[in-house]
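>>> sequence first, then the predicted structure:
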Amino acid sequence: MIKHVKKITRLLIAFTCLAASAQAGWKKDLSEQLPLLGHRNWVVVADSAYPLQTAPGIKTVYVGGDHVDVVSDVLDLVAKQKHVRPVIFTDAELEYVTEAHASGIESVRGELQALLKGSGVQTLPHEAIIKQLDQAGESFKVVIIKTDLVLPYTSVFIRLDCGYWSADSEAALRASMRSDKE
């Protein structure tokens, strides 16, 4: 009996170490990829039912784990980059999913709202965001990180934008260029 308990304990320790290694592995991989990514690239933290997309530039990685923690980790990794800043999108449908249809949604929705508060989150219908990802994946890299969450419309979509050049700066530049041609 003691031999079996020791075997089971060793197996549990081995699985725990593998899970911890996988968790650390995706963060290391994303940290190494982020310097290569720039404006027009995307990073998505997706729930478990998110489809495996086939556009050439889309890479999907399964990490499991707690969805909100993974979103937080991804945002922390992006925030460490000087060359990009996040433009965050969530599904418009999330606001309308009820606890009666998806047990646990209120808690996760509240956690996501608290985490994303003040970040200028934009909401769009899910299909509109997917269309943007499909188009981006034709020419640009999209990294999709799948978690174990089994609640609908909880994915967080992060389009990377230039971190050192704003939309206002770009508009001023374009206006200056137009005025020079006149």
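Everything's here; your move. Numbers count the residues shown, from 1 in each chain.
>>> how about the strands of the chain, start to end?
Assignment of strands within the chain using DSSP state E yields the ranges 42-46, 58-62, 84-91, 122-124, 142-146, 156-162.
>>> what comes up buried for the shortest one?
What that stands for is strand 122-124. For strand 122-124, a neighbour-count test (16 or more other C-beta atoms under 10 Å) marks Leu124 as buried. C-beta here means a position set from N, CA and C on the backbone, and glycine is covered the same way.
>>> who does that strand pair with, and is each partner parallel or antiparallel?
The strands beside strand 122-124 in its sheet (DSSP bridges) come out as strand 84-91 (parallel).
>>> what pLDDT, on average, does the partner strand get?
The pLDDT scores in strand 84-91 average 97.
>>> now do that strand against strand 156-162: the angle between them, please.
Strand 84-91 and strand 156-162 meet at an angle of 150 degrees, taking axes from the mean of the first three to the mean of the last three C-alpha atoms, to 10 degrees as the criterion.
>>> contacts for stretch 86-94 next, please.
With C-beta atoms under 8 Å, 6 or more residues apart in numbering as the test, stretch 86-94 has contacts from 75, 78-79, 109, 112, 116, 119-126, 129, 152-161.
>>> and with 7 Å instead?
Residues outside stretch 86-94 that contact it (C-beta atoms under 7 Å, 6 or more residues apart in numbering) are 75, 78, 109, 116, 119, 121-126, 129, 153-161.
>>> follow-up on the earlier one: dump the strands of the chain into CSV; add distance to Ser179 as well.
Formatted as CSV, those follow (distance: least, C-beta to C-beta, whole Å):
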stretch, distance to Ser179
strand 42-46, 34
strand 58-62, 40
strand 84-91, 28
strand 122-124, 31
strand 142-146, 37
strand 156-162, 23
